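A.B. asks: just coords:
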């Protein structure tokens, strides 16, 4: 089966914020501050992390593994609309019918994509298939929590117990992978406001690489890869990174080779 590892990056949906909070006339930055403030009030000051329907997608990065090899990229162009990049995500599912792999995709990425696809009227028929038109999806589809056509590594490794979840960065670092490299999700809004979409996309691509490497270790753990097959798969990733030659991917490779731990 083809494998599609994915990750999204988001900013406050200030257009919706203006409507819901009657903030017409304010700048996007001012609207976002109101949204954060309202969220802090809702959580008694514990968090300003917005509810998922209040997020706008600014980047979707993917790693696609097929029999032809590996590729890593961000969907669309730097100036592509949210609608376009989400449409491309679902078109990729239609084309490759992959196993989706994520870290907290069930708790964050996919619900956000659901709401945004709903907003834009995007067709995602294959993604929502549960066996009505294709019986092969009846017992293994993208929607059901305990099916592996979408493998949410965070959810699965925690045994579906919220108190046991762990950050991708820490798990990746624990396993000898690079983890975060000078960027984090809480800086995405500032980078977006500064017009630096490229850094956001680059960061998102390194996240899918970390997720894929954790997935390979998971496949080793559950016996789907032998130790030699696991090493071969990791080497394939290294070969791709060297061949791709993008600076942020070469930095990822350098960091990985510096800290890599033997299995």
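C.D. replies: Arrived safely, thanks for sending. This is a predicted model, so every value here is computed, not measured.
A.B. asks: what helices or strands is the helix or strand containing residue 234 leaning on?
C.D. replies: If you go by DSSP states H and E, residue 234 is part of helix 227-244. With contacts taken as 3 or more CB pairs under 8 Å, 6 or more residues apart in numbering; DSSP states H and E, helix 227-244 sits against strand 69-74, helix 197-221, helix 247-259. (Glycine included, C-beta is placed from N, CA and C.)
A.B. asks: tell me which element the residue lying closest to residue 107 once chain neighbours are set aside falls in.
C.D. replies: The shortest distance from residue 107 to any non-neighbouring residue, by CB to CB, 6 or more residues apart in numbering, is to residue 155 (6.9 Å). Per DSSP H and E, residue 155 falls inside helix 153-157.
A.B. asks: for stretch 68-83, the distance to its chain's centre please.
C.D. replies: 12 Å (CA atoms, centre = their mean, to the nearest Å).
A.B. asks: Not counting its own residues, what contacts it?
C.D. replies: 56-64, 84-85, 88-89, 92, 116, 120, 122, 197-198, 201, 204-205, 208-209, 236-237, 240, 244, 249 (CB atoms under 8 Å, 6 or more residues apart in numbering).
A.B. asks: are any of those residues buried, and which?
C.D. replies: 56-64, 85, 89, 92, 116, 122, 197, 201, 204-205, 208-209, 237, 240, 244, 249 (16 or more other CB atoms under 10 Å).
A.B. asks: Give the residue spans of this protein that score low on pLDDT.
C.D. replies: Low-confidence segments of the chain, defined by pLDDT under 70: 260-263.
A.B. asks: tell me the strands in it, going along the chain?
C.D. replies: Taking DSSP state E, the strands of the chain run over residues 3-12, 55-66, 69-74, 99-102, 150-152.
A.B. asks: Which other helices and strands does the longest one contact?
C.D. replies: Right, the one you point to is strand 55-66. By 3+ CB pairs under 8 Å, 6+ apart, strand 55-66 packs against strand 3-12, strand 69-74, helix 82-96, helix 110-120, helix 197-221.
A.B. asks: which of these sits most buried?
C.D. replies: strand 3-12 (a mean of 24; mean count of other CB atoms under 10 Å).
A.B. asks: got the angle between that strand and strand 55-66?
C.D. replies: 170 degrees (axes from the mean of the first three to the mean of the last three CA atoms, to 10 degrees).
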